[in-house]
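Asks: sequence first, predicted model second:
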Amino acid sequence: MCTAGYSPGMWEKRKPLLIGLAVVLCGSVVAGIVIGKVFAPHNDGEAVQRVRQLGTEAVARYEAQFVPNADKTARSGSTAATDLFDRLAQSIEQVVAEDRYQHALTLQGEKQWSEWTGDEIEALAAFLGEFASLLDDIRALAAIGEPVYHPDLSRGMGTELPHLALLRTMARLLRFEAEIRAHSGNVEGAIENYHAILELAETLAEEPIGFSQLVREALNRIAFESMGSAFPAGGIPLEQARSFVKRTEGIYHREGWANALAHEAMLALNSVSTDPFVSVVSDELFAVIPETNATVLTLLYPSPFGEMIVNADRETCAEFLDRIIHAAHKPYYEARVELNAIEAELATLSFSFLKGYTKALVPQFSWAQVVQARNEAVLDLMRVGLVLEAHYAESGSYPASLDAVAGGLGGSIAVDPFTGRPYVYRPEGDTFTLYSLGVNQQDDGGRHDYRDGDIVWRGVAVRE
């Protein structure tokens, strides 16, 4: 009995067609395999080569400072900083293990310095007194002005960075002591500590590692947040302010960020070519590239087409990263034009579901430049804020405009790195408001929030 709609003659009629289709399908698969193997680029594309060259040059510039001279010393003239840092490491670890240190960190996170009780301040002063010689050594380390650690960059993404946590602890100790000094009227000693914190940050300026640059910015913020709350209005003498401003000229280190981006981009592209299936098809990266079809990548990356897809993705990614690295040399308000263009191009990227690396990496590299802009704003506001406080100490009032204190800042006032326009300044009797518009580039009326608000001198930080 025959099935309805089917007759034995039907198979005979369609047999040649079905066989033909099968042959075509098999031929297509074979052709795809051949094309994928033959025409997939085996050499790096031009963009990949450019980024790798930039990364190689960044590493070479960094390593040059450790190349010995004829007298067998480093180019800087000594290894005093690394030797002293090594000696201090164990003492710093002992401080971190102290319950009193952890309690001080907790208090700092819960309230402003002005809200600390007399007993809390007295307890902190007693604790720091036990480590007075260590604090002297930390200031001595900062004054050397050289790298305190030499990371082994040949380890790539496995580079160990044990110095970063130690530097943060050193900066926090200096901050606590600066606040104690300011509280007791030792303005000069407090300013000395704040400058030492910035000098510790400077030891990371040339390190071509993104995380090192993030820590450098974090150290500068430690000084910024503490200095803004440690001194009363007009509590900084003119000479102290001028000295601090002079000693902090030229510490943006935009080139350091650009070098870090170049090095990190090179490492990222090397990762793409090493094990794309493991790197891209992972829960961690899928979380940031929801447009990517997990099933498609799971099937295609191990396939004969995988190499071709990965190479195309790597080259596209490199083209964007090359542009980002070059933009990093500019002030953020200028670089933003290029970064916005890149964001728009990413949104309309052809075959974006096959560009897993590009979609995951490029936004992260673009965002890194926001951190550098924030760092520049923090440094500017610290310097301008100090000069305004000194003006008050000398004249009994704050100036009507920032132009009045330009002379104390080298003759001109830096502009907000986020907008390219002057910082917002409003004198209000015995106080004033000074801030950058911050990441969102909107005037939030002085609401201090590094993530989505203004960056304010003497601002009260938004707490997690």
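Replies: Noted; the coordinates are in hand. Numbers count the residues shown, from 1 in each chain.
Asks: is the residue nearest to residue 253 when sequence neighbours are not counted part of a helix or strand, or is it coil?
Replies: Excluding the flanking residues, the one nearest residue 253 by Cβ to Cβ, 6 or more residues apart in numbering is residue 205, at 4.3 Å. Bear in mind the C-beta positions are built from the backbone N, C-alpha and C, glycine included. Taking DSSP: H, G, I helix; E, B strand; the rest coil as the rule, one finds residue 205 in the coil state.
Asks: and residue 205, what does it touch?
Replies: Residue 205 is in contact with 216, 251, 253, 256, counting by Cβ atoms under 8 Å, 6 or more residues apart in numbering.
Asks: my read: the last one touches residue 213, true?
Replies: Going back to what we said before, that points to residue 256. Yes: between residue 256 and residue 213 there is a contact under Cβ atoms under 8 Å: 6.3 Å.
Asks: find residues that contact each of the two.
Replies: Residues touching both residue 256 and residue 213 (Cβ under 8 Å, 6+ apart): 204, 207.
Asks: so for these two, which residue has more residues nearby?
Replies: Neighbour totals were compared for residue 256 and residue 213, and residue 213 leads with 26 against 23 (other Cβ atoms under 10 Å).
Asks: measure the more buried one to residue 145 for me?
Replies: Residue 213 sits 18 Å away from residue 145, going by Cβ to Cβ, to the nearest Å.
Asks: just the ones of the contacts of residue 205 in helices?
Replies: Residues of those located in helices (DSSP state H): 216, 256.
Asks: quick check, nearest of the contacts of residue 205 to residue 317?
Replies: Comparing the contacts of residue 205 against residue 317 with Cβ to Cβ places residue 256 closest, at 23.0 Å.
Asks: do you know the pLDDT at the closest residue to that closest one other than its chain neighbours?
Replies: Spatially, and ignoring its direct neighbours in sequence, residue 256 is nearest to residue 205 (4.7 Å; Cβ to Cβ, 6+ apart). On pLDDT, residue 205 comes in at 94.
Asks: for the stretch 101-250 of the chain, which segments count as helices?
Replies: Along the stretch 101-250 of the chain, the segments classed as helices by DSSP state H, counting those that start in this stretch run 118-129, 132-144, 163-183, 187-202, 210-230, 238-247.
Asks: and those: which comes nearest residue 348?
Replies: The nearest among the helices of the stretch 101-250 of the chain, by Cβ to Cβ, is helix 210-230 at 27.5 Å.
Asks: now the angle from the closest one to helix 163-183?
Replies: Here helix 210-230 runs at an angle of 10 degrees relative to helix 163-183 (axes from the mean of the first three to the mean of the last three Cα atoms, to 10 degrees).
Asks: check which helices and strands the helix or strand containing residue 89 is in contact with.
Replies: For residue 89, the host element (DSSP states H and E) is helix 80-96. Applying 3 or more Cβ pairs under 8 Å, 6 or more residues apart in numbering; DSSP states H and E, one finds that helix 80-96 contacts helix 132-144, helix 163-183.
Asks: and among those, the most buried is which?
Replies: helix 163-183 (a mean of 22; mean count of other Cβ atoms under 10 Å).
Asks: chain center to stretch 150-166: distance?
Replies: How far stretch 150-166 lies from its chain's middle: 16 Å, per Cα atoms, centre = their mean, to the nearest Å.
Asks: now do it: everything it contacts.
Replies: Stretch 150-166 is contacted from outside by 59, 62-63, 66, 82, 85, 88-89, 92-93, 148-149, 204, 207-209, 211-212, 215, 263, 267, 270-271, using Cβ under 8 Å, 6+ apart.
Asks: give me the buried entries from these.
Replies: 59, 62, 82, 85, 88, 92, 148-149, 204, 207-209, 212, 215, 263, 267, 271 (16 or more other Cβ atoms under 10 Å).
Asks: check the secondary structure at residue 433 for me.
Replies: Three-state assignment for residue 433 (three-state DSSP): strand.
Asks: having no further points to raise, I will conclude here.
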